[in-house]
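> sequence unknown, structure follows:
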């Protein structure tokens, strides 16, 4: 136990880095009996990509930590009655959704077509999140179920002089807010001078953004005081966070790419509508993700969805267990950029396998003693202490690795700490072990195909032999033919295509 990281009564002190203040500080909830966290969720126009997985996993770990600290009574004087509410929204109002709905369901009325698109992709996202070991948030509101709340906020902004109508749009007047740009450390002068800022004639200021826009007959729309239309992107999170957490709340999370303009504009809307000094006290952002050292994009050929990683051989020629994907994400501190690569996945898998091996050895020594202590699993204070330091996963994994080595020597206490710690981080070793068994079966099948191909080559049945090579190639398996140095016979090895 290190000095300075535990509070009164030996309870851990949670410290979080706040993008708004640009410093790490002790987290103190607004209401010691209620902790609220809002995280921006996916826009469900298509399957979620691996970059979308990072905030889902990061804030799931924080959610678990908050719930544990609440149960320990960190904020309510030891009572353990603090309620934690985690809200993650679903964006189902978006021009990309409209386009996909028209493409995929041309015979349905537009609103029905949009619902067909978003329900399918939302369901897949939730299945992906579950496969990654994530708990369900307490609330998962859809933007389309909160239109009226958005309209109320826009009316308040107009009444207070922070918004105006122009050419079929309602826009937020950025100059009406004295400290607009504080989160992203931008000022309006920079935006005016910026060559990439689109200057529309109907805007009072270049940085003014849309709160509401009119819809054509071919676009979804809702009745409003300004005509049939649809909301801008930013207003939805202001509406849903207020509905479930109040005008001000504790933690707002999301990816680094959302700081500007999305989160900056959320703050502007909410603060100006409600007359508050803050929208959320703590703003947390996870770093960017690259794939194999390059920005992920379809044009680069390295765009990959969570579904593809879990269920296809697109990445590295094989399927990847959700536990491997989760640990690979957590191996880098959440605020740092991450290079999502085959090497990283293999490293994460090796770490998981070492934990499984340690568990087996501990089981052989005295599994009954370990199992009896797992009836009510509780993470060790050391692990909680590491995570309470702004989710210091590097330190947490170092602890788990130490316990793994000690458990492999038959240390029951270490095995207990390891299994509790891994479970607390949302990594299910049983699931990983089951997938590893499947992977072994697939390796056997690959070898069987190689043996069949060798027999076909001996029989000079080259078309069928080539077909096996091609089939394996589509799964990312590259065959290499050579000769045995001793016998001169053909031998075939294989590798995963990178």
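That came in fine, so what should we check first? What you see is a predicted model; the values in this text were computed from it and never measured.
> please make it C-alpha for all contacts and neighbour counts, starting now.
Fine.
> quick one: low-confidence parts of the stretch 251-400 of the chain?
Within the stretch 251-400 of the chain, the ranges that satisfy pLDDT under 70 run 361-377.
> quick one, helices of it?
264-274, 306-311, 322-330, 342-373, 381-387, 393-408 (DSSP state H, counting those that start in this stretch).
> so which of those is nearest residue 429?
Closest to residue 429 of these is helix 342-373 (C-alpha to C-alpha; 6.7 Å).
> what's the burial count for residue 346?
16 (other C-alpha atoms under 10 Å).
> could I get the helices of the stretch 251-400 of the chain as TSV with distance to residue 155?
Output for the helices of the stretch 251-400 of the chain, formatted as TSV (distance: least, C-alpha to C-alpha, whole Å):
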stretch	distance to residue 155
helix 264-274	9
helix 306-311	39
helix 322-330	42
helix 342-373	49
helix 381-387	42
helix 393-408	44
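> check the closest residue in space to residue 214 that isn't next to it in sequence and give its pLDDT.
What sits nearest to residue 214 in space, not counting adjacent residues and going by C-alpha to C-alpha, 6 or more residues apart in numbering, is residue 229, at 3.9 Å. If you check residue 229, the pLDDT there is 95.
> residue 229 bridge partners, please.
residue 214, residue 222 (DSSP bridges).
> so it sits against residue 221, correct?
Yes - under the criterion of C-alpha atoms under 8 Å, residue 229 lies in contact with residue 221, with a separation of 4.4 Å.
> do you know how far the spatially most central residue of the chain is from residue 129?
In the chain, the centroid-proximal residue (C-alpha atoms, centre = their mean) is residue 56; its distance is 2.4 Å. According to C-alpha to C-alpha, to the nearest Å, residue 56 stands 7 Å off from residue 129.
> what does residue 299 give?
For residue 299, the distance to residue 129 equals 26 Å [C-alpha to C-alpha].
> give me the more crowded residue out of the two.
Neighbours around residue 299 and residue 129, counted as other C-alpha under 10 Å, are more numerous at residue 129. The numbers are 23 against 7.
> helix or strand for that one, just tell me which one.
helix 110-131 (DSSP states H and E).
> who's in contact with whichever helix or strand comes after that helix?
Moving toward the C-terminus from helix 110-131, the next helix or strand (DSSP H and E) is helix 147-159. Here helix 147-159 makes contact (C-alpha atoms under 8 Å, 6 or more residues apart in numbering) with 163-164, 172, 211, 222, 224, 231, 235-236, 238-240, 243, 269-270, 272-273.
> buried subset of those residues as a ChimeraX selection?
To isolate the buried ones among the contacts of helix 147-159 in ChimeraX, judged by 16 or more other C-alpha atoms under 10 Å, type:
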select :163,164,172,211,231,235,236,238,239,240,269,270,272,273
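> stretch 314-325: end-to-end distance?
End residues of stretch 314-325 are separated by 14 Å (C-alpha to C-alpha).
> how about that stretch, which residues are buried there?
Across stretch 314-325, burial judged by 16+ other C-alpha under 10 Å covers 314-325.
> dump those to JSON lines, plus distance to residue 478.
Putting the buried residues of stretch 314-325 into JSON lines (distance: C-alpha to C-alpha, whole Å) gives the following:
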{"residue": "314", "distance to residue 478": "13"}
{"residue": "315", "distance to residue 478": "14"}
{"residue": "316", "distance to residue 478": "11"}
{"residue": "317", "distance to residue 478": "9"}
{"residue": "318", "distance to residue 478": "12"}
{"residue": "319", "distance to residue 478": "16"}
{"residue": "320", "distance to residue 478": "18"}
{"residue": "321", "distance to residue 478": "22"}
{"residue": "322", "distance to residue 478": "25"}
{"residue": "323", "distance to residue 478": "26"}
{"residue": "324", "distance to residue 478": "23"}
{"residue": "325", "distance to residue 478": "24"}
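> which of these sits closest to residue 65?
residue 323 (18.6 Å).
> any idea how far residue 135 is from the closest one?
14 Å.
> before we move on, what about residue 169?
39 Å.
> residue 89: what's it in contact with?
Contact analysis of residue 89 by C-alpha under 8 Å, 6+ apart lists 39-42, 139-143, 237, 240.
> oh, that last question was meant for residue 280, not what I typed.
248-252.
> ok, 10 Å please
Residue 280 makes contact with 20, 30, 36-38, 241, 245-253, 267, 270-271 under the criterion C-alpha atoms under 10 Å, 6 or more residues apart in numbering.
> hang on, the earlier thing: for the residue nearest to residue 214, what are its contacts?
Residue 229 neighbours (C-alpha under 10 Å, 6+ apart): 168-169, 212-217, 219-223.
> do residue 210 as well
163-165, 169-173, 203, 231-235, 265.
> how about it, nearest residue that isn't a chain neighbour?
Closest residue in space to residue 210, ignoring its immediate chain neighbours: residue 171 at 4.5 Å, by C-alpha to C-alpha, 6+ apart.
> any idea which of the helices of the stretch 251-400 of the chain gets closest to residue 419?
With C-alpha to C-alpha as the yardstick, what comes closest out of the helices of the stretch 251-400 of the chain is helix 342-373 (7.7 Å).
> coming back round to it: please pick the buried ones from the contacts of residue 280.
Of the contacts of residue 280, these count as buried by 16+ other C-alpha under 10 Å: 20, 36-38, 241, 245, 247-253, 267, 270-271.
> hmm, which two among those residues are most spread apart?
For the buried ones among the contacts of residue 280, the maximum inter-member distance is 19.2 Å, found between 20 and 245 (C-alpha to C-alpha).
> filter the contacts of helix 147-159 down to just the ones in helices.
235-236, 238-240, 243, 269-270, 272-273 (DSSP state H).
> how many neighbours does residue 107 have?
11.
> what about it, which SS state?
coil (DSSP: H, G, I helix; E, B strand; the rest coil).
> roughly how far does it sit from residue 116?
Counting by C-alpha to C-alpha - residue 107 and residue 116 are separated by 12 Å.
> and residue 173, by the same measure?
Distance from residue 173 to residue 116, by C-alpha to C-alpha: 36 Å.
> more crowded one of the two?
residue 173 (23 against 15).
> quick one, phi psi at that one?
Note on residue 173: its backbone torsions stand at phi -90, psi 100 [degrees, to the nearest 10].
> before we move on, back to that, can you list residues touching both of residue 229 and residue 221?
Taking C-alpha under 10 Å, 6+ apart as the criterion, residue 229 and residue 221 both touch 213-215.
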